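# I'll drop the sequence and a predicted model, then ask my questions.
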Amino acid sequence: MDWPFLFATAKTLLTGVPLTLRLAATSLCAGFALAVGIAALAGSRFAPARWLAALYVMLFQGTPLLVQIFIVYYGFGQIDFLRASFAWPFLQQAYWCAILALSLNTSAYGAEIIRGAVAAVPPREIEAARAMGMSGLLLRRRIIWPQALQYGLANYGNEAILLLKATSLASVITLMDVTGLAYRLVSKTYRSEEIFTVAGLIYLALTFVIATGVHLLERRLTPCRRV
């Protein structure tokens, strides 16, 4: 095994970690904000709002993320009013196209996680809170949202891990993240096995950190699970 080559490869690929983390963190935050809105529409009493939320979720869950990235990066540039709009300075950059596609995709999954977590709150506790005079924002802040956070945290942690791994698809639109740098090294050295093994280990380490952080936060929010 060529250890000097592996160490040199790891050193090169690690320079792509900051971009990978920025893509994941920015997309996760933007996707969460969108997911809250979509989940609110899904729980609305207004039927067209529920249909719109269901259509949104079906659209982004039912199509491949790679196709969505291609549509945003290549397709939006073919729309005249977008090229003339204020958004074009952002949409003509691969970084922001990747952020947009990743955010839209993760928001569809996040909306379902949030909706399920809110639905998992025991109705009896909500009824008891209302009997004590709680309603509106106070009911949500003290009863619904804290419990929904406990129920949905693990699933949202899994979505964060999936999103981190999905950032590797941004390399197809010229972004030099970990995977993009790996492709460039393979094109120069033709040593794909060693290079992609190192890249896989880097992603494994990043996902381990996220999983550990989510686990520690979950233990903090649920004292009954502590040893």
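Received the coordinates, thanks. Predicted, not measured: the structure shown is a model, and the values here were computed from it. Numbers count the residues shown, from 1 in each chain.

# Off-centre distance for whichever strand or helix holds Leu28?
Element membership of Leu28, judged by DSSP states H and E, is helix 17-42. Put simply, helix 17-42 sits 5 Å off its chain's centre (C-alpha atoms, centre = their mean, to the nearest Å).

# Just list what it packs against, helices and strands only.
Counting contacts by 3 or more C-beta pairs under 8 Å, 6 or more residues apart in numbering; DSSP states H and E, helix 17-42 packs against helix 47-61, helix 94-119, helix 145-166, helix 192-221. Placement of C-beta: from N, CA and C, glycine included.

# Tell me which of those is the most buried.
helix 94-119 (a mean of 22; mean count of other C-beta atoms under 10 Å).

# Quick check: what element follows that helix along the chain?
Counting by DSSP H and E, the next helix or strand C-terminal to helix 94-119 is helix 123-131.

# Turn the helices and strands packed on helix 17-42 into a markdown table, columns for mean pLDDT and distance to Ile38.
What follows is the helices and strands packed on helix 17-42, written out as a markdown table (pLDDT from 0 to 100; distance: least, C-beta to C-beta, whole Å):
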| stretch | mean pLDDT | distance to Ile38 |
| --- | --- | --- |
| helix 47-61 | 95 | 5 |
| helix 94-119 | 95 | 4 |
| helix 145-166 | 93 | 14 |
| helix 192-221 | 93 | 22 |
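
# between the ones you listed, which one is nearest to Tyr74?
Among the helices and strands packed on helix 17-42, helix 94-119 comes nearest to Tyr74, with 9.0 Å by C-beta to C-beta.

# other SSEs contacting the closest one?
helix 17-42, helix 47-61, helix 65-70, helix 88-91, helix 145-166.

# Figure out which of the ones you listed is closest to Cys97.
From the helices and strands packed on helix 94-119, taking C-beta to C-beta, the stretch that ends up closest is helix 88-91, at 6.2 Å.

# what helices or strands is the closest one leaning on?
Using 3+ C-beta pairs under 8 Å, 6+ apart: helix 88-91 touches helix 94-119.

# nearest to Ile69, of the helices and strands packed on helix 17-42?
helix 94-119 (4.4 Å).

# quick one: the closest one to helix 47-61, angle?
130 degrees (axes from the mean of the first three to the mean of the last three C-alpha atoms, to 10 degrees).

# shift numbering so it begins at 25
With the count now opening at 25, the last piece we talked about shows up as helix 118-143.

# just how off-centre is helix 118-143 within its chain?
6 Å.

# Restrict stretch 141-150 to CA atoms and write it as CSV.
What follows is stretch 141-150 as a C-alpha-only set of coordinates in CSV (Å, rounded to 0.1, in the frame of the first residue of the first chain):
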residue,chain,number,x,y,z
ALA,A,141,-43.3,14.9,14.8
VAL,A,142,-46.1,17.4,15.5
ALA,A,143,-48.7,14.7,14.8
ALA,A,144,-47.0,12.4,17.3
VAL,A,145,-47.7,14.8,20.2
PRO,A,146,-50.3,13.0,22.4
PRO,A,147,-53.7,14.6,21.9
ARG,A,148,-54.5,14.2,25.6
GLU,A,149,-51.7,16.6,26.5
ILE,A,150,-52.9,19.2,24.1
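
# May I see the buried residues of that stretch?
Ala141, Val142, Val145, Ile150 (16 or more other C-beta atoms under 10 Å).
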